[in-house]
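Just need the structure, nothing else, for what follows:
(one chain, ligands or ions: 2)
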Amino acid sequence: MRPRRFAALGPLTGRIRVPGDKSISHRSIMLGALAVGETTVTGLLEGEDVLSTAAAMRAMGATIERDAGGTWRVHGVGVGGLLQPQAALDMGNSGTSTRLLMGLVASHPITATFIGDASLSKRPMGRVIDPLSQIGASFTAAPGGRLPLTLQGVQPAIPISYRLPVASAQVKSAVLLAGLNTAGITTVIEPVPTRDHSERMLRGFGAHLDVDVEADGTRIIRLTGEAELKPQSIEVPGDPSSAAFFAVAALIVPGSDLVIENVGLNPTRAALFDVLRLMGGSIEELNRRDVGGEPVADLRVRASVLTGIEVDPAVVPSMVDEFPILFVAAALAQGRTVTRGLEELRVKESDRIAVMRAALEQAGARVTETEDGLIIDGTGGEPLRGANNASVATHLDHRIAMSMAVAGLASHGGVEVDDTRPIATSFPVFESLLATATGTAA
Ligand SMILES: O=C(O)C1=C[C@@H](OP(=O)(O)O)[C@@H](O)[C@H](O)C1
Ligand SMILES: C=C(OP(=O)(O)O)C(=O)O
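Ligands and ions are numbered 1, 2, ... in the order given. Predicted coordinates for the structure are as follows:
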């Protein structure tokens, strides 16, 4: 454990740049590892989750290297060319690595064992075991469909048409990635749209993929299998899910005026910024442009008086990882914020509804937990009391650790986070950027 106390550090000012998008970074490595030739990636997130993906793709035959200038070079094996890994694939804390790689392995004639840390070993894998069993892969898993899990892939695999029972980009992506090495057309029917990086990037790498949108918004995604992927040169935009912590910190710490550069604003990801604006947050988009086929802007965020709102459950998939930090904003807002439709938060790195309720209460916020969300009565801009002497429990969850760190910045007594190590899974430079933005760097 590496505990740290976060207390008021003064306003956040100047300009910062957050690391590359985690979802796009995972996919850059995976698709590069399946292309024939050299894919180059700049701005890759060098967080533990993405490094777990890279290690696994190496173990299955790809060559993946970082040059001195920070560019990553991936030499792929070609679709169908993944090799049998010689040891268990350690996925660490990363759900995305596990579920997407299960999809890849499922349509190759290889067997792989997936292991992970205590948090990942509690997370449900049945949601990918189900469709991947339909294509013909077989599984032995710990009770409840959890890790450790051994997957025996199949060749030839059966092309399926699969309707997603949960709104999950990971499940969608697992099925599509399995479809890459499956003859025929693999179809995913997505009643509620989720992040579309897999679709964009599969097309970018030259796969044949069509998306039809029905009148009610259902998306029908068809991928033609036995694809030949062509190597790409990828520039990864900054991660909106990382920018979120600094955006909320700048809104709630009086006197802040911060520019966060190069933030990816794909509409399937960026709903937090819209919700914060609806609450009265001053978030301006500067220099809107395109980076690697994704919309990007610099965000200028100024301290603001926030007002509680009812968050429309329809936006949940477009900000699914941002609720912990939204709860912190709500705890400092004037009036009540109501969130619903968050049941998926209970199966992330921790049960993010229950864990944030406990942590925010400990810091002095007024919070009520419901089955599928939190109701928060904010302080109206007054700092929180702080967590006194007890540290808040983060349960190996990076987003809880960073959210409660930000809560500490807007508290009288500070907030001690019990373990800051998990922050390195998605945002290894979080603490150093915080020091930069608050002018407290050594
Ligand atoms: O596809 C992805 O890259 C991700 C999808 C989301 O998970 P679910 O698909 O399980 O909602 C998200 O929480 C995760 O951080 C990254
Ligand atoms: C849920 C997350 O990631 P993963 O599912 O990849 O562990 C996250 O980063 O908040």
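
hey, where'd the strands end up in the stretch 301-442 of the chain?
For the stretch 301-442 of the chain, the strands defined by DSSP state E, counting those that start in this stretch cover 336-338, 366-370, 373-377, 391-392, 415-417.

so which of those strands gets nearest ligand 1?
Closest of the strands of the stretch 301-442 of the chain to ligand 1 is strand 373-377, at 15.8 Å (criterion: Cβ to the nearest ligand atom). Every residue, glycine included, has its C-beta placed from N, CA and C.

export the strands of the stretch 301-442 of the chain to JSON lines and tack on distance to residue 91, mean neighbour count and mean pLDDT?
Below are the strands of the stretch 301-442 of the chain laid out as JSON lines (distance: least, Cβ to Cβ, whole Å; neighbours: other Cβ atoms under 10 Å; pLDDT from 0 to 100):
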{"stretch": "strand 336-338", "distance to residue 91": "34", "mean neighbour count": "19", "mean pLDDT": "99"}
{"stretch": "strand 366-370", "distance to residue 91": "29", "mean neighbour count": "15", "mean pLDDT": "98"}
{"stretch": "strand 373-377", "distance to residue 91": "29", "mean neighbour count": "22", "mean pLDDT": "99"}
{"stretch": "strand 391-392", "distance to residue 91": "26", "mean neighbour count": "23", "mean pLDDT": "97"}
{"stretch": "strand 415-417", "distance to residue 91": "24", "mean neighbour count": "26", "mean pLDDT": "98"}
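
Report how many residues lie close to the nearest residue to residue 239 once chain neighbours are set aside.
What sits nearest to residue 239 in space, not counting adjacent residues and going by Cβ to Cβ, 6 or more residues apart in numbering, is residue 21, at 4.3 Å. Using other Cβ atoms under 10 Å, residue 21 has 32 other residues around it.

The one 3 residues further on now?
Per other Cβ under 10 Å, the neighbour tally for residue 24 reads 29.

Now name the helix or strand holding it.
For residue 24, the enclosing helix or strand under DSSP states H and E is helix 22-32.

does any part of that helix sit near ligand 1?
Yes. Applying Cβ under 6 Å from any ligand atom, one finds helix 22-32 in contact with ligand 1 at residue 23.

May I see the strands of the stretch 301-442 of the chain arranged in a markdown table, with distance to ligand 2 as well?
A markdown table is the format used below for these (distance: least, Cβ to the nearest ligand atom, whole Å):
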| stretch | distance to ligand 2 |
| --- | --- |
| strand 336-338 | 20 |
| strand 366-370 | 19 |
| strand 373-377 | 17 |
| strand 391-392 | 18 |
| strand 415-417 | 16 |
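
Would you mind giving those as JSON lines with distance to residue 114 added?
Output for the strands of the stretch 301-442 of the chain, formatted as JSON lines (distance: least, Cβ to Cβ, whole Å):
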{"stretch": "strand 336-338", "distance to residue 114": "37"}
{"stretch": "strand 366-370", "distance to residue 114": "32"}
{"stretch": "strand 373-377", "distance to residue 114": "31"}
{"stretch": "strand 391-392", "distance to residue 114": "30"}
{"stretch": "strand 415-417", "distance to residue 114": "29"}
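
Out of these, the one nearest residue 171 is which?
Residue 171 lies closest, by Cβ to Cβ, to one member of these: strand 373-377, at 22.0 Å.

Remind me what the closest one packs against, helices and strands.
Judged by 3 or more Cβ pairs under 8 Å, 6 or more residues apart in numbering; DSSP states H and E, strand 373-377 is in contact with helix 323-332, strand 336-338, helix 352-362, strand 366-370.

So which of these is the most surrounded?
helix 323-332 (a mean of 28; mean count of other Cβ atoms under 10 Å).

Could you tell me the average pLDDT over that helix, please?
Mean per-residue pLDDT for helix 323-332: 99.

Which pLDDT value does the model give the closest residue in space to residue 392 that isn't next to it in sequence?
Among residues not flanking residue 392 along the chain, residue 359 sits closest, at 4.1 Å (Cβ to Cβ, 6+ apart). Looking at residue 359, its pLDDT stands at 98.

Please verify my assumption that residue 359 contacts residue 399.
No. The pair residue 359 / residue 399 is not scored as a contact, 11.3 Å apart, by Cβ atoms under 8 Å.

Could you export the helices and strands packed on strand 373-377 as a markdown table, including distance to ligand 1?
Below are the helices and strands packed on strand 373-377 laid out as a markdown table (distance: least, Cβ to the nearest ligand atom, whole Å):
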| stretch | distance to ligand 1 |
| --- | --- |
| helix 323-332 | 10 |
| strand 336-338 | 21 |
| helix 352-362 | 10 |
| strand 366-370 | 20 |
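
Return the distance of the helix holding residue 24 from the chain's centre.
12 Å (Cα atoms, centre = their mean, to the nearest Å).

residue contacts, the residue lying closest to residue 390 once chain neighbours are set aside?
Spatial nearest neighbour of residue 390, chain neighbours left out: residue 362 (6.4 Å); criterion: Cβ to Cβ, 6+ apart. By Cβ atoms under 8 Å, 6 or more residues apart in numbering, residue 362 lies in contact with 387-388, 390, 392.

before we move on, what about residue 139?
Residue 139 neighbours (Cβ under 8 Å, 6+ apart): 129, 132-133, 149-152.

cool, residue 160 as well?
Residue 160 neighbours (Cβ under 8 Å, 6+ apart): 131, 134-135, 175, 186-187.
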